[in-house]
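Participant: I'd like to go over a predicted model; first the sequence, then the structure.
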Amino acid sequence: MCALNEAKGMIVNMEDYDVFNEMQNIKDKSTIIIIEDDEKFIIQNLLDSSFKIIPIRFNYDLFCFSNSYIDRTKKLFTYYYNENNSYENELLRLKKHFIHYQINPIIAYIPSDSKYIKLRNMLNEIGIKCISDKEQLINMLNTKLIFIDNDDTLKKTDGSISNRVKKAIEENRKAGNKIIICTARPRYQTLEVMKEAGFDSIIVSSNGSEIYDSNDDKIIFNSFVDNDSVIKMVKYAYSKDIRLILTMEDYDYVTKEIRNPNQKLLSKHSYVEELTECNVKQGMFIDKKSQEIYKIKDILSNDNKLYIVDEINENSSYEEKWFSVSNSNCSKGNALKIVSKYLNIPIENTIAIGNDKNDISMFEVAGLSVAVANASDDIKSKVNHITLSNDEDGVAIFLETLIKY
């Protein structure tokens, strides 16, 4: 197939386009659909970005484009919109097109001209956000989604959050970036950190077992450990006199040692009945009996229904050792992907900041991974960038590089 540019006396050969190669590339990139009403804007802002651009064209005649623009865009995958098709048939074409080529566009730039209303409605119907303002589009494409771990990353060793960190979070939010707290702690503790530090309203708690929007009191995602596994965990804890924390909606059950008002002591003799109707988001084994902790972790690691977050650090100064257990579909990395999609922020624009083993999953999926200097050498080897330690305002120092005060 070729398109004849009679006005310019040239032929654009569409057979140069390698369909199968482009299909492979497009799956790994965030995709934007765009009507080509402004060549200069597209060239300067979109063609060399990390986004895959799909031009929408209304015919095969390219006379309205400059030679240089045609040369820059001739290898792009293009959707040819049929204005004469019925709404239902064209909508079906769009759906089949995206499914067949494994494309999942996040945004469409459609000028506000009334002639595009039908197209805009179709795109909205299949879940693609339409934007008509170029500046708004660029701002959205430049928005960063930043996940920050809590203990020994955000917080200093003494548990405090410095004013410099709070200021950096505030300024990033003013600049349009989304700053999310992501921690192993339960929701009730995560909410306190969110409010104190000034994070965005979405929080990730229990190592990704729950994603909650505090503004709307809405659970975006949650997942639970199956009841049989929970009973097995409690049985191990009692048999070895190990402290186990089971995280529920807004409280914890513990097998021993209540340490805050949101914790309840589980009955050693009737825990099966007590837990029958409970949805457990996460279990955490934590105790000074390190050898018993290791043994239980090894046993549970053989259960493919469970996700074990190995948080045991041999070099840690803490007397207690611990590890977490959640459903196999939970992790901080999975939470980052869910929030990225939920907020329409491409994964290339995500950043993960942490210090420990439970942060590795988000390091692996984020566009940029950052460790604080107090992380172990093994953790540092897994990230793109190392900032200063938690006690030296490392989080703030990194966040300040993302914006101009």
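Facilitator: Nice, thanks for sending it over.

Participant: Give the pairing partners of the helix or strand residue 326 falls within; include direction for each.
Facilitator: Using DSSP states H and E, residue 326 sits in strand 321-327. Take DSSP bridges as the rule and strand 321-327 pairs in its sheet with strand 282-287 (antiparallel), strand 306-309 (antiparallel).

Participant: Nearest to residue 76 among the ones you listed would be which one?
Facilitator: strand 306-309 (39.7 Å; CB to CB). Where C-beta positions appear, they are placed from N, C-alpha and C, glycine not excepted.

Participant: Which parts of the stretch 251-400 of the chain are strands?
Facilitator: Using DSSP state E, counting those that start in this stretch, the strands assigned to the stretch 251-400 of the chain run over residues 252-254, 263-265, 282-287, 306-309, 321-327, 350-354, 368-371, 385-386.

Participant: Figure out which of those is closest to residue 151.
Facilitator: strand 350-354 (9.8 Å).

Participant: my guess is residue 168 contacts residue 387, does it?
Facilitator: No. Here residue 168 lies out of contact with residue 387, judged by CB atoms under 8 Å, at a distance of 11.3 Å.

Participant: Leaving out the residues flanking it, which one is nearest to residue 240?
Facilitator: Take residue 240 and drop its neighbours on the chain: the residue closest to it by CB to CB, 6 or more residues apart in numbering is residue 292, 4.6 Å away.

Participant: surely that neighbour meets residue 237?
Facilitator: No. Judged on CB under 8 Å, residue 292 makes no contact with residue 237 at a distance of 9.6 Å.

Participant: So which of those two has more stuff around it?
Facilitator: residue 237 (25 against 18; other CB atoms under 10 Å).

Participant: Please determine how far the more buried one is located from residue 384.
Facilitator: Here residue 237 is placed at a distance of 38 Å from residue 384 (CB to CB, to the nearest Å).

Participant: swap in residue 375?
Facilitator: Residue 375 is 13 Å from residue 384, by CB to CB.

Participant: Neighbour count: those two, which is higher?
Facilitator: residue 375 (27 against 13).

Participant: For the residue nearest to the more buried one when sequence neighbours are not counted, give me its contacts.
Facilitator: Closest residue to residue 375 apart from its sequence neighbours, by CB to CB, 6+ apart: residue 355 at 4.2 Å. Taking CB atoms under 8 Å, 6 or more residues apart in numbering, we find residue 355 in contact with 149, 152, 153, 371, 372, 374, 375, 379, 390.

Participant: wait, the fifth one sits on residue 388?
Facilitator: I take that to be residue 372. Yes. Contact criterion CB under 8 Å: residue 372 and residue 388 qualify, at 7.0 Å.

Participant: what touches both of these two?
Facilitator: Contacts common to residue 372 and residue 388, judged by CB under 8 Å, 6+ apart, are residue 394.

Participant: care to break this structure down by domain?
Facilitator: 2-141, 143-223+331-400, 227-327 (automatic domain parsing).

Participant: Verify the contact between residue 206 and residue 331 for me.
Facilitator: No. Residue 206 is beyond contact range of residue 331, at 10.8 Å (criterion: CB under 8 Å).

Participant: Those two: who's more crowded?
Facilitator: residue 206 (26 against 22).

Participant: coming back round to it: so what does the residue nearest to residue 375 have for phi and psi?
Facilitator: phi -150, psi -10 (degrees, to the nearest 10).

Participant: coming back round to it: the more surrounded of residue 372 and residue 388?
Facilitator: Set residue 372 next to residue 388 and count neighbours by other CB under 10 Å: residue 372 wins out with 28 against 15.

Participant: ok, the more buried one to residue 153 distance?
Facilitator: From residue 372 to residue 153 the distance is 5 Å (CB to CB).

Participant: Skip the chain neighbours and tell me the closest residue to residue 186.
Facilitator: Once flanking residues are discounted, residue 186 sits nearest to residue 247: 4.5 Å by CB to CB, 6+ apart.

Participant: Look at the one you found and report its pLDDT.
Facilitator: We note a pLDDT of 97 for residue 247 in this prediction.

Participant: same check, this time on residue 155
Facilitator: 98.

Participant: cool, the one 5 residues further on as well?
Facilitator: Looking at residue 160, its pLDDT reads 98.

Participant: can you check residue 94 too?
Facilitator: pLDDT, read off for residue 94, is 91.

Participant: what's the answer for residue 110, then?
Facilitator: 95.

Participant: Next: residue 16.
Facilitator: 41.

Participant: could you pull out the helices for the stretch 151-300 of the chain?
Facilitator: 163-174, 187-197, 227-239, 271-275, 290-300 (DSSP state H, counting those that start in this stretch).

Participant: Columns mean pLDDT on top of those helices, output as a markdown table?
Facilitator: Formatted as a markdown table, these follow (pLDDT from 0 to 100):
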| stretch | mean pLDDT |
| --- | --- |
| helix 163-174 | 96 |
| helix 187-197 | 98 |
| helix 227-239 | 96 |
| helix 271-275 | 95 |
| helix 290-300 | 93 |
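
Participant: In TSV: these, plus distance to residue 397.
Facilitator: Formatted as TSV, those follow (distance: least, CB to CB, whole Å):
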stretch	distance to residue 397
helix 163-174	8
helix 187-197	16
helix 227-239	40
helix 271-275	45
helix 290-300	34
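
Participant: Relative to residue 351, tell me which of the ones you listed wins on proximity.
Facilitator: That would be helix 163-174 among the helices of the stretch 151-300 of the chain, by CB to CB, at 10.2 Å.

Participant: Residues contacting the closest one, please?
Facilitator: By CB under 8 Å, 6+ apart, helix 163-174 touches 144, 146, 154, 179, 196-200, 393, 395-396, 399-400, 402-403, 405.
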